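Engineer: model this:
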Amino acid sequence: MYIYYKRFFVAVWGIKRATFRGSLSVGKFEMKIIGEVIVFVCLIVGSQGQWLDEHCGSGGSTSCPWLAAIYIWDPQKWETYFHCTGTLITDRFILTHAIPNTRIGYIFARLGATYDDAPTSQWYTTESLTMHPNFENNGKHIKNDISLIKLNRKAEFNALISPICLFHSKSQNQKQLQRQIADSTLEFTFSGWTKPFFTSNSKVLKSTMVVRLNPQLCSNAIEDPLEWNQICGETDSDELCFRNSGGPLEMVINKWGKNESVLLGILSYGTGSCGDPDVFTDILSHSDWIASIVRDQ
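Structural biologist: Numbers count the residues shown, from 1 in each chain. Got it, this is the predicted structure:
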């Protein structure tokens, strides 16, 4: 407990300092402190009842055990092709971007792999696909780019397969704290699949840091207005430009003494050029909709 109290006083000092200087002028360091103390208070005040799945997380056993590769069957070519990335959120559901105009039986998910043809891979067929009812795509601007894939059976959890943590609570106080945590996070981790060599068809799991961008600056850069339930970010890495829509945007918190990742966004779209800003669907703004699908089925 001494460690927690020590972190608490340091964090409170950071908040007082940030308040004195003004919320719009605080630097990255102070904002990080604000995020940390909010996480701390949130976990201490009520650890139970703030997760979609209380047993989420990897326990630090491996990196990205929730990452899924989504494949679609092409009946004309008589083969499956890699379509996008997804994130396991329970033992039956994968969260990804919207997948319109696709038959349920043509969608497959692979879990437990860090590279193509890994012997640890587990393959699943799809029982249902639920897209957000307000999904829109006019060819450039995309809204509510999110869907849920229900697997045909429960995922077999192990060191390489486990669900990521998602904030969800019925308490308005908890929801406000969770929103403050998400909005004060300036740096994230994004994970997806990349080709290690330009001529290679194989894919390996990679992660990179993403920095949050000011919404107005982002809108100007991509020449498209940002929605209130979207996050804009950029990275210096050009390794993850290969069809990673639906990939997870994560932050790390301390859950029961272990560092765990929390899903805050999924990749929606960008300009199509590596190095340009990308737009992510804000997951917290859709948490009630996600919970209604997951718990009703």
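Engineer: Bridged to the most centrally placed residue in the chain, which residues?
Structural biologist: The C-alpha lying nearest the average C-alpha coordinate of the chain belongs to P248 (CA atoms, centre = their mean; 3.1 Å). Under DSSP bridges, the beta-bridge partners of P248 are I266.
Engineer: which residues touch it?
Structural biologist: P248 makes contact with 64, 66-67, 85, 87, 164, 190-191, 261, 263, 265-266 under the criterion CB atoms under 8 Å, 6 or more residues apart in numbering. (Glycine included, C-beta is placed from N, CA and C.)
Engineer: Report how many residues lie close to T130.
Structural biologist: When counting by other CB atoms under 10 Å, one arrives at 17 neighbours for T130.
Engineer: That one contacts V294, correct?
Structural biologist: No: T130 sits out of contact with V294 when judged by CB atoms under 8 Å, with a separation of 9.7 Å.
Engineer: list the residues that contact both of those two?
Structural biologist: What both T130 and V294 touch, as defined by CB under 8 Å, 6+ apart, is the set L148.
Engineer: among the contacts of P248, who's most crowded?
Structural biologist: G265 leads the contacts of P248 on contacts (other CB under 10 Å) with 30 neighbours.
Engineer: Quick one: low-confidence residue ranges for this structure.
Structural biologist: Counting by pLDDT under 70, the low-confidence segments of the chain come to 1-49, 58-62, 196-202, 239-243, 255-256, 297.
Engineer: on that earlier part again, among the contacts of P248, which ones are in helices?
Structural biologist: Mapping the contacts of P248 onto helices (DSSP state H) picks out no residues; all lie outside.
Engineer: and those residues as a markdown table, adding distance to K154?
Structural biologist: Conversion of those to a markdown table gives the following (distance: CB to CB, whole Å):
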| residue | distance to K154 |
| --- | --- |
| C64 | 20 |
| W66 | 15 |
| L67 | 18 |
| T85 | 21 |
| T87 | 17 |
| I164 | 16 |
| F190 | 27 |
| S191 | 23 |
| S261 | 21 |
| L263 | 20 |
| G265 | 26 |
| I266 | 22 |
